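[1] Attaching a predicted model along with its sequence, questions to come.
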Amino acid sequence: MEGKTQNQMGWLFVLPVVTLVAFNAVIPLMAVVNYSVQETFGNNMFFFEGVKWFEQVLHSDRFHASLGRQLFFSGIILAIEVPLGVAIALAMPRRGPWVSVCLVLMALPLLIPWNVVGAMWNIFALPDIGMLGRLLNDLGINYNYTQQPISAWATLIAMDVWHWTSLVVLLAYAGLSAIPDAYYQAAKIDGASPWAVFRYIQLPKMRRVLTIAVLLRFMDSFNIHTEPFVLTGGGPGNATTLLSIDLVKIALGQFDLGPAAAMSIIYFLIILLLSWVFYAVMTRGEEQ
Amino acid sequence: MRKLGWLVPALYIVFLLLPIYWLVSMSFKTTNEILGAFTLWPKKFTLENYQKIFTDPTWYNGYINSLIYVVINTVISVLVALPAAYAFSRYRFLGDKHLFFWLLTNRMAPAAVFALPFFQLYSAIGLFDTHIAVALAHCLFNIPLAVWILEGFMSSVPRQLDETAYLDGYGFWRFFLKIFLPTIAAGIGVAAFFCFMFSWVELLLAKTLTSVAAKPIAATMTRTASSSGYELGLLAAAGTLTIIPGAFVIYFVRNYIAKGFALGRV
């Protein structure tokens, strides 16, 4: 931040960005805030209701259940993807022709449209004609993700690990390749164990990129909608109905605008709050 | 331990490729084979599914629509993000830090929250079911991302470059276009890659903002899946084709990706 010149002309440079993002963010957000405090009986008639919808949402068992599922999902995703991604990045070759091959193949799932990811896992895991489902059932495991909540959850988590671990790998790998060789040579001279190298050289150097990886994976897993919707549709029953699936059901399915809008705002605030907590915890040591 | 280290990424890549293999192999099977017997590879190899997609306008128009709005979005996002990122990396101005943070919060907004208001907003201004509507809507998360990535690349360019150019008598715009932009070409590539990626994979907003004229391929797929029975082979072929543009883009930017991530910006 040092060495910048004071120049209010900066505003002219950012004006196009601010206009476009504000158009897309502020107007819809105001609409959401509007709906969240009003009751409508159709015909474009609205009545002010205060915080009624917020109280209703905060006290509803349905919201608590989907929020619980959402937190559980994001927690598991982070617990699997971050360590796994770091482990894969550590084992990847540092130079040579295989680096490009690994990077290109690993980035592939990131560029597949989200509904195709859902559809792909849907047919991959079908118990009768899908490769995975057939294999598991032939091994004697009773697996059917359209009927058993446990199978559905396992498939959902496997799908997300498949889809997003590469992002953590790419970030961690980039952090690792930024470490100068001299560090490793010094560690070798000191006779440091591989664990010590990881703990005192690699992990601290990856801290910044890992912060970003955790934040991105948290935000995106908390917002996830399309993949589980295509894979399980929130079922069986409500077993995999995550927050956003529930929200879209209320807003576009039942057209309950007030509760849906109140839920949107609570949802957004939870993401902001938790992202801030993650950020604060992970960057705590940096100023010292 | 060291010797077997290559196994970890190798096994991971196998795990990544298995579902993709299943999708691709299914796209070459006939519906009878898919539903009739479990086969690991197509016994009766057929191109029927692909033929249907390339001859039926409702199918191939989906690809064209998707590509149009993705390209428009990438161009808009990068163009407006360039001057803004320059301002954030070089100038101090009133509220700059707050503005930067506000931009990033939009990256956190759940698309599900915006689906309904977006539909109303774009219907009200008469842009519903146009490519430009989807392109503008995707700016919500792509512009903050592009600004963030480009700011990272620009801040790693020493400020002496700017000052030397001014001393040599360059005007601002001539310096910006002739010297500065070529210096951060890699950053522009990475930013464009991520804009392309997130616009290409997003479906919820794209589906909400279109009905017929600008319907994206992903929406064509979901609607076909529900309306014309369960044509798995056709669905698999359509899915396989959506992987190709992404694979192309990755191949071209493969050397920049690691560098882009190295700056800690995604």
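    All right, it came through fine. Residues are numbered from 1 along each chain as shown, chains lettered A, B, ... in the order given.

[2] Which residues of the stretch 151-288 of chain A lie near chain B?
    A:162, A:165-167, A:169-171, A:173-175, A:177-178, A:194, A:208-209, A:212, A:216, A:219, A:222-223, A:225-226, A:230, A:243-244, A:247-248, A:251-252, A:257, A:260, A:264, A:267-268, A:271-272, A:275 (CB under 8 Å from any CB of the partner chain). Placement of C-beta: from N, CA and C, glycine included.

[3] Got a PyMOL select line for the buried ones in those?
    Per 16 or more other CB atoms under 10 Å in any protein chain shown, the buried members of these correspond to this PyMOL selection:
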select buried, chain A and resi 162+165+166+167+169+170+171+173+174+175+177+178+208+209+212+216+219+222+223+225+226+230+243+244+247+248+251+257+260+264+267+268+271+275
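
[4] Mind checking what secondary structure the residue in the stretch 101-250 of chain B that chain A sits nearest to has?
    Residue of the stretch 101-250 of chain B nearest chain A, by CB to the nearest CB: residue B:246 (2.7 Å). Put simply, residue B:246 is helix when judged by DSSP: H, G, I helix; E, B strand; the rest coil.

[5] any idea how far it lies from residue A:116?
    To residue A:116, residue B:246 is 10 Å away according to CB to CB, to the nearest Å.

[6] Compare the two (neighbour count), which wins?
    More crowded of residue B:246 and residue A:116, by other CB atoms under 10 Å in any protein chain shown: residue A:116, with 27 against 21.

[7] Tell me which other helices or strands the helix or strand where the more buried one lies touches.
    Per DSSP states H and E: residue A:116 is located in helix A:114-124. For helix A:114-124, the packing partners by 3 or more CB pairs under 8 Å, 6 or more residues apart in numbering or on different chains; DSSP states H and E come out as helix A:131-138, helix A:149-177, helix A:226-231, helix B:7-27, helix B:217-227, helix B:232-262.

[8] again, only using 10 Å
    The contact analysis (3 or more CB pairs under 10 Å, 6 or more residues apart in numbering or on different chains; DSSP states H and E) places helix A:114-124 against helix A:131-138, helix A:149-177, helix A:226-231, helix B:7-27, helix B:185-201, helix B:204-208, helix B:217-227, helix B:232-262.

[9] With mean pLDDT added, can I get the ones you listed in CSV?
    Below are these laid out as CSV (pLDDT from 0 to 100):
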stretch, mean pLDDT
helix A:131-138, 86
helix A:149-177, 90
helix A:226-231, 87
helix B:7-27, 91
helix B:185-201, 87
helix B:204-208, 87
helix B:217-227, 71
helix B:232-262, 79
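
[10] Need the ones you listed in JSON lines (columns: distance to residue A:203).
    Shown next, in JSON lines, are these (distance: least, CB to CB, whole Å):
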{"stretch": "helix A:131-138", "distance to residue A:203": "34"}
{"stretch": "helix A:149-177", "distance to residue A:203": "10"}
{"stretch": "helix A:226-231", "distance to residue A:203": "31"}
{"stretch": "helix B:7-27", "distance to residue A:203": "18"}
{"stretch": "helix B:185-201", "distance to residue A:203": "25"}
{"stretch": "helix B:204-208", "distance to residue A:203": "36"}
{"stretch": "helix B:217-227", "distance to residue A:203": "39"}
{"stretch": "helix B:232-262", "distance to residue A:203": "17"}
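
[11] And for residue B:133, nearest residue in space, chain neighbours not counted?
    With sequence-adjacent residues excluded and distances taken as CB to CB, 6 or more residues apart in numbering or on different chains, residue B:133 is closest to residue B:127, at 4.1 Å.

[12] Start from the N-terminal end of the stretch 51-200 of chain B and give the helices.
    Secondary structure of the stretch 51-200 of chain B (DSSP state H, counting those that start in this stretch): helices at B:57-90, B:96-108, B:111-124, B:131-155, B:160-167, B:172-175, B:181-183, B:185-201.

[13] Any chance of TSV for the ones you listed, columns mean neighbour count and distance to residue A:102?
    Shown next, in TSV, are the helices of the stretch 51-200 of chain B (neighbours: other CB atoms under 10 Å in any protein chain shown; distance: least, CB to CB, whole Å):
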stretch	mean neighbour count	distance to residue A:102
helix B:57-90	21	26
helix B:96-108	16	27
helix B:111-124	21	31
helix B:131-155	24	22
helix B:160-167	13	34
helix B:172-175	13	39
helix B:181-183	12	29
helix B:185-201	22	17
